[in-house]
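Undergrad: Have a look at this fold, sequence not included:
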Ligand SMILES: Cc1cc2nc3c(=O)[nH]c(=O)nc-3n(C[C@H](O)[C@H](O)[C@H](O)COP(=O)(O)OP(=O)(O)OC[C@H]3O[C@@H](n4cnc5c(N)ncnc54)[C@H](O)[C@@H]3O)c2cc1C
Ligand SMILES: Nc1ncnc2c1ncn2[C@@H]1O[C@H](COP(=O)(O)O)[C@@H](O)[C@H]1O
């Protein structure tokens, strides 16, 4: 079984991003970048399926400028077998990303595509579902458990009311939630080995996908800052303030 | 202009998110139709017909839609979407699941998780866990939009729309429902509660969450949690508040034994009044709290319950 794992280069989750002074976008100059945490979980899940003897090959794919090869190398060091880099400097929406990923799916014919549920920069939560629709695959989003057997995958999903399990025929799309697994760290020997694993670089412009977007970013503002309030001395003072000052309890 | 609003419900009751969606849709302007997709959801449709500002309710009541599987729902909505300029759904796990499929099948972008409607084509949405607020304009022929319900007021319930059945049935052979483990609780839902009390890693274990129960009962509050508390298995995942959990904006949010990580703040910093109880006076949660109480939660929670 072949697994395709799309990974995104995103801001490190510990970094608090700042808005540019001209309000055109956020400022990513000299900001620490990493694999989007949900994509790391996707890579880990693929590796575990390989360790269980269910998967035979793992391909990571990332779309973006040359710099995304850093994250691709991390994916390879974690255990992916080979990689595809779709190179573009354009800022793309999830729809264009999904269309580009579809070209890889059409070529590689994976049995399973595992994506993160959400990129922590755009907070879109769209690409996996869009890719599933474009390729005609069923989807199991926000997965906290993935069981592959008999040409099917059972996905337990984290939903607002609790958990839901769906059964999907392969090939299928799965998107990861945080509880699915805890990603490992790459070992030094594996980091060295990853340097020799192949990366197939393709220009996005050569894939016949319309890369123009109908969404225009008009401005990006800093959120309104909440003013820190006061410290209260004890429970009695807290309850009095909530009743008389904030008037949120009676 | 005409807007299709996807009703949020569980086949039994209509959720207040739907009223908030209608309010958001009315800000975009135009005629509003509510679509109810489910199985045995007649009561839901009747409730939707009462929402102020709705001119028509469409009901697709079929076993194929019992669990609102994304494949089936998306194909249905795509077929209906031709008559509308906008489709709005809540940014819940239901809306997030099927809406991007609708967008892709219509070959348009999706605008996720909006907190404000500037005009019929311009929307405001948080990015980077709410650390930046983007204003975006769409020139797509149909706008596929998910809405952060907590950011909108609820439309009232004094309308009387007509109800029509839709008999389009879409069934994917590739996906089927197996089971659900839903949390049953007497307390209000997180997304609808006026008061929320949330526990974090500082609660130490699941049993200690009972310290929050008495307070929640007195305040009519829902109980939430940080991701750390969910990951450690103290409580179930549906209680998680944050960037990747539920986004809430109650009148009162009481954060107990949680530090206030960026990802948690993203889910609750629009609450009207925030109270933090934490033994570390440097905890970042105090930077957003209106009232901070420094101390051991195991001393303070029983005192708080007694004082209410
Ligand atoms: C991609 C991604 C997405 C995430 N999404 C979310 C999300 O949606 N929601 C979320 O919450 N987190 C999320 N997280 C996790 C987040 O980064 C933090 O790890 C998490 O919120 C920390 O939870 P906590 O505050 O309970 O734990 P901690 O940070 O460990 O804080 C525990 C607090 O309890 C206090 N405490 C301990 N004992 C006591 C006591 N006896 N009395 C009083 N105070 C006490 C301590 O002083 C401390 O401040 C996400 C992380 C990632 C990487
Ligand atoms: N540029 C990209 N390259 C590869 N995969 C991506 C890219 N953007 C998004 N993805 C995948 O889609 C998931 C969801 O992203 P999004 O829909 O943007 O929130 C991510 O976790 C990745 O798995």
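TA: On my side now, so go ahead. Only a predicted model underlies this, so the values are computations on that prediction, with no experimental measurement involved. Ligands and ions are numbered 1, 2, ... in the order given.
Undergrad: Was I right to think residue A:211 contacts residue A:205?
TA: Yes. Counting by C-beta atoms under 8 Å, residue A:211 does reach residue A:205; the two are 7.4 Å apart. Where C-beta positions appear, they are placed from N, C-alpha and C, glycine not excepted.
Undergrad: Backbone dihedrals for residue 156, please?
TA: Picking chain A for this. For residue A:156, the backbone dihedrals are phi -90, psi 130 (criterion: degrees, to the nearest 10).
Undergrad: To clarify, I was referring to chain B.
TA: phi -80, psi -180.
Undergrad: count of residues packed around the residue of the stretch 101-250 of chain B found nearest ligand 2?
TA: Checking the stretch 101-250 of chain B residue by residue against ligand 2 with C-beta to the nearest ligand atom singles out residue B:112 as nearest, at 7.9 Å. By other C-beta atoms under 10 Å in any protein chain shown, 27 other residues sit near residue B:112.
Undergrad: that's a helix at it, yeah?
TA: No. Applying DSSP: H, G, I helix; E, B strand; the rest coil, one finds residue B:112 to be strand, outside a helix.
Undergrad: can you pull the contacts of it?
TA: With C-beta atoms under 8 Å, 6 or more residues apart in numbering or on different chains as the criterion, the residues that contact residue B:112 are A:122-126, B:91, B:96, B:125, B:146.
Undergrad: ok, and the most crowded of those?
TA: Taking other C-beta under 10 Å to define a neighbour, the member of the contacts of residue B:112 with the most is residue A:126, carrying 30 neighbours.
Undergrad: From residue B:91, how far off is that residue?
TA: 11 Å (C-beta to C-beta, to the nearest Å).
Undergrad: ok, now residue B:117?
TA: Distance check for residue B:117 against residue B:91: by C-beta to C-beta, it reads 14 Å.
Undergrad: what residues does chain A put near ligand 2?
TA: A:6-8, A:36, A:38-39, A:42, A:61-64, A:94, A:97, A:115-116, A:118-119, A:122, A:124-128 (C-beta under 6 Å from any ligand atom).
Undergrad: Spatially central, which residue of chain A would that be?
TA: residue A:116 (3.3 Å; C-alpha atoms, centre = their mean).
Undergrad: so who does the nearest residue to residue A:215 once chain neighbours are set aside touch?
TA: In space, not counting the residues next to it along the chain, residue A:215 is nearest to residue B:109; the distance is 5.0 Å by C-beta to C-beta, 6 or more residues apart in numbering or on different chains. Counting by C-beta under 8 Å, 6+ apart, residue B:109 touches A:93-95, A:213-215, B:103, B:138, B:140, B:144.
Undergrad: What subset of the residues you listed is buried?
TA: Those of the contacts of residue B:109 that meet the buried threshold are A:93-95, A:213, A:215, B:103, B:138, B:140, B:144, by 16 or more other C-beta atoms under 10 Å in any protein chain shown.
Undergrad: now the residues you listed in JSON lines, with secondary structure and pLDDT?
TA: As requested, the buried ones among the contacts of residue B:109 are exported to JSON lines (DSSP: H, G, I helix; E, B strand; the rest coil; pLDDT from 0 to 100):
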{"residue": "A:93", "secondary structure": "coil", "pLDDT": "96"}
{"residue": "A:94", "secondary structure": "helix", "pLDDT": "98"}
{"residue": "A:95", "secondary structure": "helix", "pLDDT": "98"}
{"residue": "A:213", "secondary structure": "coil", "pLDDT": "91"}
{"residue": "A:215", "secondary structure": "strand", "pLDDT": "96"}
{"residue": "B:103", "secondary structure": "helix", "pLDDT": "98"}
{"residue": "B:138", "secondary structure": "strand", "pLDDT": "98"}
{"residue": "B:140", "secondary structure": "coil", "pLDDT": "97"}
{"residue": "B:144", "secondary structure": "strand", "pLDDT": "98"}
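Undergrad: Distance to residue A:243 added to the residues you listed, as JSON lines?
TA: Converted to JSON lines, those look like this (distance: C-beta to C-beta, whole Å):
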{"residue": "A:93", "distance to residue A:243": "48"}
{"residue": "A:94", "distance to residue A:243": "47"}
{"residue": "A:95", "distance to residue A:243": "51"}
{"residue": "A:213", "distance to residue A:243": "51"}
{"residue": "A:215", "distance to residue A:243": "46"}
{"residue": "B:103", "distance to residue A:243": "47"}
{"residue": "B:138", "distance to residue A:243": "46"}
{"residue": "B:140", "distance to residue A:243": "49"}
{"residue": "B:144", "distance to residue A:243": "45"}
